[in-house]
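Q: turn this into a model:
(chains A, B and C)
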Amino acid sequence: MPEILENKEQLKVKDLIIRFYTYEGIVKAVEKARLQLRKGETLGIVGETGSGKSVTALTIMALTPSPGKIEGGDIYFKRGNGHIVNILKMNENELIRIRGKEISMIFQEPNAALDPLYKVGDQITEAIYAHRFKEVLRKAIQLLQKDLESANNSIGTRLELWVYNKMEKDPASKSISILRRLPIVKNIITRKLRQVVREEIIELLKLMEIPDPERVIDSYPHELSGGMQQRVIIAIALACSPTLLLADEPTTNLDVTVQAQIIDLIMRLKEKFGTSIIYITHDMGIIAEISDRVAVMYAGNVVEVAPVKELFKNPLHPYTKALLESIPRPGSPFKSIPGNIPNLVNPPSGCRFHPRCRYIMSICRHKIPELVKISEDHYVACFLYGGEVNGQHSDYSGSEEVLPDKRGTF
Amino acid sequence: MSTGLRTYVIRRLILLIPTLIGITILIFGITQLFDPVERASLYITNPKQARFAEEIIKKYGLDQPFYIQYFNWLSQVIQGNLGWSQSLHMPVLEALMTRFSATAELVLYSAPLIIILGIFLGKISAVKRNTAIDHMTRVIAIIGWSLPAFWLGIILLAVFYGGLGIFPPGRLSPWAEAMIRSGEFKVYTGLYTIDAILNLNWPIFVDALSHLVLPVITLTTINVALIMRVMRSSMLEQLSKTYIIAARARGLDEKTVIDRHASKNALIPVITLSGLLTAGLLSGMVITETIFEFKGIGYFAAHAATQLDIPAVLGFALFAGIIFVIANLIVDILYAYIDPRIKLG
Amino acid sequence: MKIKLNVEDSPRIKELKFTLKRIKETPLSLVGLAIIILFTIIAIAAPVLAPPRFGRDPYIIPRYGYFPEPQPPSPEHPFGTTEGQYDLYYGVIWGTRTAYRIGILVVSVSALIGIIIGSLAGYYKGIIDEVLMRLTDIILAFPGLILAMALVVAFGPGLNSITLALILVGWPTYARLIRGEFLRITSEDFVEAAKAIGCSDFRVIVKHILPNAIFPLLVVASLDIGAIVITAAALSFLGLGAPEGYADWGQLIALSRNWITGTADNPFAYWHTYTIPGLFLFFFVMGWNLLGDALRDILDPMIRRR
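A: Predicted coordinates for the structure are as follows:
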């Protein structure tokens, strides 16, 4: 098998095309997007509403919301065991094992991401059971065996141990699953198990810097503040130690002070667990603070990718430049980007940004620019910098170097 | 019951009173459409008293202003005097009490069937949206809803009773009725199927059940659409919510996502509706009972209406209203109990 | 007929076009529409399809004798006769008119009353809202059929009583609906804006709020017609409505009650007496229900865009 992913790469999105089939027409939401994530780094994706960033994130987990359809492209992911898989070609059974375990997601509205009818502790338990049940079960068995060896030799303990052993040997056992449904019985036979899980959850919540985890575990989502809910969401996401975390604007709906806390938390957790993060936001300030590299998306295309310092110092794409200019600064006049986000049912021809671009050339209306390497690790999709070399399209994968034949003046 | 829930219940019980008063005012308002002599029958408990119409008019102030009459009437009602029914030859209240068990038996079998079937069909319809199953289920439900109850009943009777000779109208066959009247059979609840079990009398159980089949089918066919429709739209609403995507993002399999999360949330409005449906059934199966000659309160209300028996019809209406209001209350409390988001303070 | 959606149309036209487009695409709603059109034609063409006897009230079904036993279909009587020798064909044709009369009259008057009361309650809120909502609550506390029955007994049996009773029982549903829409819409900004530029209350209500509230109302109304016609037929069936011999589907079915079991050797000897008027009733109601159900799905904002 050819080397699809480089050594350092963990995720590669290649030529992703997503279209939404609505009654008003086909929305071409994501058009040949390319992204690359390296192990352990934080990739910031910045873009306005409608840039396709959220849809791309969901698609990385193969959870494209309907009526969206994936019409092309590949998403390569290197799993924890080193195997490389193509997410878009996997079946549901395999995907279930990846979601929540190797790739996790945290959401913009923490309140909406939790089931209002279940206590928070139960929802975290659910996530743990989904992927780490055997591990937890083993631990419970070990503890019970230790109990038996010590004075605690009651019938209840032995019964529980018997049940757990059966669960371990024969996970699909019908009689066990029936027992686990019976109202009072189920509480009795899972006592140790629940104890083990509860302790784990408390540790996890403490890690999330939640002051009183005992209270939070038994709370319903609506009883918690926004910041607390988001910590719970993060806890659920990290419960099974994923290698990749997708963060879809996790702080947009929170108060500014809480925002800072959550971002700090995420960064510290990343340090601790070594997780790679794809952080989606429209806030350039956050991007500057946390990203290692940044990808700029506009109207379904990735238009520029660069290390964060480089992007801020040397923005190349006209859209990126406009974005940076439009950050409000005290004292200077307010600058906005002229024009509107394009209608994606009938997107502009050629480069989708051309109606709003001040450097527009005639070619911009007819052809779509591809990502071109400008300097070490800095790529841009704009005809100002080439993007087309005699009909041969330039490949953004880090391995080739294509020298641009024109550098525009800025 | 937590204190929050307790205060909620008390609060709702107190709010119940103005509504009950309102109901009585409405019913009383309808009585005013009749002239005093006709209204006199609302106050008597014995047909012989009808001769003393003049005195009754004086006693209850039937020619007095509205509010005096209302209080007189209301005090009578509270004491249990709903008047005398000339079509049934007994006091209205007694008629209601004795006939209620028949209606209750019918509801006992219909309501759970309607609710369970409706939930099942609604869930499938939503999960397999826009597929053949979805369309089929919805068409069947609409057909059921469009069927006039009395027509469906007639067709069923014609086919099964007329054609096949099984599932006769009424509650019991004559021999069973004779046995009950003779005293060999002890009546505990008035619901013949239950009583038959308690009496360990298999033949009567089968007989009562066979009389229930057609009315229950009629009621179920017509009402399942209601529950199905709400369950379907409720499920669809839940399935598009963020927490469902989040649940999938955690690696939960689809079955768990649908059964443990979406369904539970979707059931909340359905439960409300089911409660109201049951209340509606308890108080209003006039047509079904009439067609099948099932002698519950609906049957006698219809009978009374055709005889223009005012106290009976109004008494029945009042009864129906009260049941409805109480059912609403129970449903609200149930709702508050189930959904942790409801603020009980 | 192609319906083109332009991004430049005003939002309201856009929504309307979208709704029509969706109706076209839902086969069930088209079936419902076809059924409704068919019945409408029958109702309008009644004098032609079943010419009334000269000088008599066309709604009284002509009798052909007094013999109780219903006669099966024959060339003179395409659908046969009922108990008492009323011509069934004539009865169901003119029964269509009766159904439409009652259905449309009750639904439009209830809706009108409901709009007025609901608008007042939803717009002015406060004490007016409280009082009016108490009133609707009390009426809605009764199952419709029961209350209607009581009213009809009070008014005296007859179709007019039924109509009046159903109106009185029906308006609260519309009032609640409109009020709910009002409460929802008045909390939106464009109402504040309209008021800020000085529109009078009445103007705001009619021009701005009502057009938005109309859609759910149409759904309820089309489903209601079916329910009303069934209820009216039920009341007639019980004997509280049209007199014997009147062209009313419920009444015709009532006449078949004694003949359900047929004769000793043929249980279905009199099938035409209950099947035919019942089928007319059933299809009429189903047509409206199909349309209303499809409309409801189309207009439901949750399901709309998918």
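Q: who touches residue 68 in this structure?
A: Answering for chain A, as no chain was given. Applying C-beta atoms under 8 Å, 6 or more residues apart in numbering or on different chains, we find A:Gly68 in contact with A:18-21, A:29, A:55. Backbone N, C-alpha and C define where each C-beta goes, glycine included.
Q: think we crossed wires, I meant chain C
A: C:83-84.
Q: hmm, back to that, make a ChimeraX selection of the buried ones in the contacts of A:Gly68.
A: Buried residues among the contacts of A:Gly68 (16 or more other C-beta atoms under 10 Å in any protein chain shown), as a ChimeraX selection:
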select /A:18,19,20,29,55
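Q: among the contacts of A:Gly68, which lie within strands?
A: A:18-21, A:29 (DSSP state E).
Q: would you mark the buried spots in stretch B:269-286?
A: Judged by neighbour count using 16+ other C-beta under 10 Å, the buried positions of stretch B:269-286 are B:270-275, B:277-286.
Q: ok, now stretch B:165-179?
A: For stretch B:165-179, by 16+ other C-beta under 10 Å, it's B:167-168, B:171-173, B:176-177, B:179.
Q: of these, which is the nearest to chain C?
A: Relative to chain C, the closest of the buried residues of stretch B:165-179 is B:Pro168; by C-beta to the nearest C-beta it sits at 10.1 Å.
Q: hang on, that closest one packs against B:Ala208?
A: No - B:Pro168 lies out of contact with B:Ala208 (C-beta atoms under 8 Å); the separation is 11.6 Å.
Q: count of neighbours near residue 159?
A: If you meant another chain, say so; for now it's chain A. Neighbour count for A:Leu159, taken as other C-beta atoms under 10 Å in any protein chain shown: 12.
Q: actually chain C
A: Neighbour tally, C:Leu159, other C-beta under 10 Å: 21.
Q: roughly how far apart are it and chain A?
A: 44 Å (C-beta to the nearest C-beta, to the nearest Å).
Q: contacting residues for that residue?
A: For C:Leu159, the contact set (C-beta under 8 Å, 6+ apart) comprises C:98, C:102, C:232, C:236, C:241-242, C:246, C:248.
Q: give me that answer again for 10 Å
A: By C-beta atoms under 10 Å, 6 or more residues apart in numbering or on different chains, the residues touching C:Leu159 are C:59, C:98, C:101-102, C:232, C:235-236, C:240-243, C:246, C:248, C:251.
Q: quick check: pLDDT value at it.
A: Note on C:Leu159: pLDDT of 88.
Q: now the stretch 151-300 of chain A against chain B: closest residue?
A: A:Tyr220 (4.6 Å).
Q: and the gap between the spatially closest residue to that residue that is not a sequence neighbour and A:Phe133?
A: Distances taken as C-beta to C-beta, 6 or more residues apart in numbering or on different chains place B:Pro340 nearest to A:Tyr220, at 4.6 Å, with adjacent residues excluded. As judged by C-beta to C-beta, to the nearest Å, B:Pro340 and A:Phe133 stand 27 Å apart.
Q: burial count for the closest residue to A:Val308 other than its chain neighbours?
A: Closest residue to A:Val308 apart from its sequence neighbours, by C-beta to C-beta, 6+ apart: A:Ser291 at 4.6 Å. Residues within reach of A:Ser291, counting by other C-beta under 10 Å, total 23.
Q: make a markdown table out of the contacts of A:Gly68 and add distance to B:His89 and pLDDT.
A: What follows is those, written out as a markdown table (distance: C-beta to C-beta, whole Å; pLDDT from 0 to 100):
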| residue | distance to B:His89 | pLDDT |
| --- | --- | --- |
| A:Ile18 | 76 | 90 |
| A:Arg19 | 75 | 89 |
| A:Phe20 | 71 | 88 |
| A:Tyr21 | 69 | 86 |
| A:Ala29 | 75 | 86 |
| A:Val55 | 74 | 90 |
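Q: farthest-apart pair in the contacts of A:Gly68, please.
A: A:Tyr21 and A:Val55 (13.5 Å; C-beta to C-beta).
Q: between those two, which contacts overlap?
A: Common neighbours of A:Tyr21 and A:Val55 (C-beta under 10 Å, 6+ apart) are A:27, A:68.
Q: just give me the neighbour total for the residue of the stretch 151-300 of chain A closest to chain B.
A: Residues near A:Tyr220, counting by other C-beta under 10 Å: 17.
Q: is it true that it touches A:Leu114?
A: Yes - with contact defined as C-beta atoms under 10 Å, A:Tyr220 reaches A:Leu114; the gap is 8.7 Å.
Q: list residues touching both of the two?
A: By C-beta under 10 Å, 6+ apart, the residues touching both A:Tyr220 and A:Leu114 are A:Val120.
Q: quick one, what contacts A:Lys14?
A: A:4, A:32-36, A:72-76, A:86, A:88, A:396-397.
Q: tell me the phi and psi of it?
A: The phi/psi pair for A:Lys14 (degrees, to the nearest 10) reads phi -120, psi 120.
Q: what bridges to it?
A: A:Asp74 (DSSP bridges).
Q: quick one on the thing from earlier: among the buried residues of stretch B:165-179, which are in helices?
A: B:176-177, B:179 (DSSP state H).
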